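Visitor: Below is the structure, and that's it, no one-letter string:
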């Protein structure tokens, strides 16, 4: 009733400028990283550490040159270390997205159907990926609606459009999830994750992005240095 | 037994004031934090943020008035009535002021980003205030029925 947890970071969140509804209207982040870090100093130690771990995990450019096994182990560790069920769901959703995208890319690169229990991934779709490797949507298109458009863009080698699709997907997913959280820790986490995406988009260079994305043909999770 | 009833009467006498003050404290603290946060992010409109953040202070005022209205010699005959009216009205002030503080925090947060909705944004807080006023008025009305020894 007191709403202590729900209003734990009222001042912090009220001090942050709002994100625009549409990601692609972003030309610069609502505030600089320096300013953001100053505001985040209001987090208590435990929450600050959780945020650091979540951001590090979901901002994979920080853990390049790691093996699939290392990434999966680290992801499981981070998910296990988070006490908040809502935040766990957010993290797992993003890791599942990466798993699916990794599978799409591997298949596009000509990798054959992986034997059972060998596909490196996280979340509920791994089994479907292994079972329905040859289906365009891994048999889950009705539940994961973005997978067909993503697969088509990948087939057409439209890397720029694919990256836009995924960034927009993540942007709106976070916005939707945030609708139940205004001044609590999950709201802070979502704000920072959206800030990361806005930052990425505001520094976006389409030509370089295409080269980078196209360069990720060696497949596997370890190739995934992008932010979605 | 009669002493215990008299104790309840005293609790009822002070309850609206104490619970109202508690609710106002929490409500104002929540809304006040939002106001301070909004001031960090904006260049103007500070006064209205602070003004909204003070809205939950009404609970303690209602509590004081109810306390004075109930104030009389506490005897076993009047204790039950004083306890019931005092505690229930105090609980209403406690809860409404906390939730009003939350409404005010959201209003400040929304109005900061979109100043044109300022007036509409404080409507939910005003509606919550309305319920506190109902409890206040009817506590005054009902307390007239308690005899003064």
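Guide: Nice, thanks for sending it over. The structure displayed is predicted, hence computed values, not measured ones.

Visitor: Specify the helix with the largest residue count in chain A.
Guide: helix A:85-108 (DSSP state H).

Visitor: Can you name the residues that contact residue A:82?
Guide: By CB atoms under 8 Å, 6 or more residues apart in numbering or on different chains, the residues touching residue A:82 are A:50, A:53, A:54, A:88, A:91. Any C-beta I mention is one placed from the backbone N, CA and C, and that applies to glycine too.

Visitor: 7 Å instead, please
Guide: Listed by CB atoms under 7 Å, 6 or more residues apart in numbering or on different chains, the contact set of residue A:82 reads A:50, A:88, A:91.

Visitor: Now the first one: which helix or strand?
Guide: The reference is to residue A:50. Residue A:50 is part of helix A:45-58, with elements assigned from DSSP states H and E.

Visitor: elements contacting the following helix or strand past that helix?
Guide: Using DSSP H and E, the helix or strand that directly follows helix A:45-58 along the chain is helix A:68-81. With contacts taken as 3 or more CB pairs under 7 Å, 6 or more residues apart in numbering or on different chains; DSSP states H and E, helix A:68-81 sits against helix A:45-58, helix A:85-108.

Visitor: How about residue B:61, nearest residue that isn't a chain neighbour?
Guide: Nearest non-adjacent residue to residue B:61, counting by CB to CB, 6 or more residues apart in numbering or on different chains: residue B:20, 7.6 Å away.

Visitor: Around chain A, pick out the residues from chain B.
Guide: Proximity of chain B to chain A is confined to B:26, B:30, B:33-34, B:36-38, B:40-41, B:95, B:98, B:102, B:105-106, B:108-109, B:112-113 under the rule CB under 7 Å from any CB of the partner chain.

Visitor: Of the residues you listed, select the buried ones using a ChimeraX command.
Guide: To isolate the buried members of those in ChimeraX, using 16 or more other CB atoms under 10 Å in any protein chain shown:
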select /B:26,30,33,34,36,37,38,40,41,95,98,102,105,106,108,109,112
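
Visitor: Which ones among the residues of chain B next to chain A map onto helices?
Guide: Judged by DSSP H, helices contain the following of the residues of chain B next to chain A: B:26, B:30, B:33-34, B:36-38, B:40-41, B:95, B:98, B:102, B:105-106, B:108-109, B:112-113.

Visitor: tell me which parts of chain A are close to chain B?
Guide: Residues of chain A lying near chain B by CB under 7 Å from any CB: A:1-3, A:7, A:10-18, A:182-183.

Visitor: 6 Å instead, please
Guide: Counting by CB under 6 Å from any CB of the partner chain, the residues of chain A close to chain B are A:3, A:7, A:10, A:11, A:14, A:15, A:17, A:18.

Visitor: how close does residue A:11 sit to residue A:86?
Guide: Separation of residue A:11 from residue A:86 (CB to CB, to the nearest Å) stands at 21 Å.

Visitor: More neighbours: which of the two?
Guide: More crowded of residue A:11 and residue A:86, by other CB atoms under 10 Å in any protein chain shown: residue A:11, with 22 against 16.

Visitor: List phi and psi for residue A:113.
Guide: phi -50, psi 120 (degrees, to the nearest 10).

Visitor: Let me see the confidence value for it.
Guide: pLDDT for residue A:113: 87.

Visitor: and it, how far is that from residue A:103?
Guide: Distance of residue A:113 to residue A:103, computed by CB to CB: 11 Å.

Visitor: Which of those two has more residues huddled nearby?
Guide: Applying other CB under 10 Å to residue A:113 and residue A:103 shows that residue A:103 carries more neighbours, namely 25 against 13.

Visitor: Next up, the contacts around residue A:59.
Guide: By CB atoms under 6 Å, 6 or more residues apart in numbering or on different chains, the contact list for residue A:59 reads residue A:196.

Visitor: Equivalent analysis for residue B:72, please.
Guide: Contact analysis of residue B:72 by CB under 6 Å, 6+ apart lists residue B:148.

Visitor: and the residue in chain B that chain A sits nearest to, what does it touch?
Guide: The nearest approach of chain B to chain A comes at residue B:37, 2.8 Å away (CB to the nearest CB). Neighbour list for residue B:37: A:11, A:14, A:15 [criterion: CB under 6 Å, 6+ apart].

Visitor: which one is residue A:26 nearest to, not counting chain neighbours?
Guide: Closest residue to residue A:26 apart from its sequence neighbours, by CB to CB, 6+ apart: residue A:198 at 4.8 Å.

Visitor: Tell me which residue is most central in chain B.
Guide: For chain B, the residue nearest the mean C-alpha position is residue B:59 (2.0 Å; CA atoms, centre = their mean).

Visitor: Could you find the closest non-adjacent residue to residue A:91?
Guide: In space, and not counting its chain neighbours, residue A:91 is closest to residue A:79: 5.6 Å by CB to CB, 6+ apart.
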